[in-house]
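Undergrad: Return a 3D structure for these sequence lines:
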Amino acid sequence: NCSKLHQRMFRLNIRKRFFTESMVKYWKRLPREVVTVQSLSVFKMHLDSALNNIL
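TA: Okay, the predicted model is just below:
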């Protein structure tokens, strides 16, 4: 599945603080309908509603 992100183990803590590595856990929490959309505009709409439901 191309929408799944994987976190790797790193020897140094600095790598864990990179934006791409720190966002994986949040990406995995998003509903499937947000992650699997085909266009950026639809992604933004679904992401906005998903974040409003979380907060």
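Undergrad: All the helices of this protein, residue numbers only.
TA: Assigned by DSSP state H, the chain shows helices spanning 13-16, 19-22, 24-29, 32-35, 40-54.
Undergrad: Looking at these, which one is packed in the most?
TA: Stretch with highest mean neighbour count among the helices of the chain: helix 32-35 (a mean of 14; mean count of other C-beta atoms under 10 Å). All C-beta atoms are positioned from the backbone trio N, CA, C, and that covers glycine.
Undergrad: Can you tell me what sits against it?
TA: Identification of contacts with helix 32-35 by C-beta atoms under 8 Å, 6 or more residues apart in numbering yields Ser3, Trp27, Phe43, His46, Leu47, Ala50.
Undergrad: try stretch 47-55
TA: So stretch 47-55 is contacted by Leu30, Pro31, Val34 (C-beta under 8 Å, 6+ apart).
Undergrad: remind me which residues of this protein are low pLDDT?
TA: For the chain, applying pLDDT under 70 flags the ranges 1-17, 19, 21, 55.
Undergrad: Next one: Arg29 from Phe18, what distance?
TA: Separation of Arg29 from Phe18 (C-beta to C-beta, to the nearest Å): 19 Å.
Undergrad: cool, Pro31 as well?
TA: In this view, Pro31 and Phe18 are 25 Å apart by C-beta to C-beta.
Undergrad: ok so, going back, quick check, nearest of the contacts of stretch 47-55 to Ser22?
TA: The nearest member of the contacts of stretch 47-55 to Ser22, counting by C-beta to C-beta, is Leu30 at 14.9 Å.
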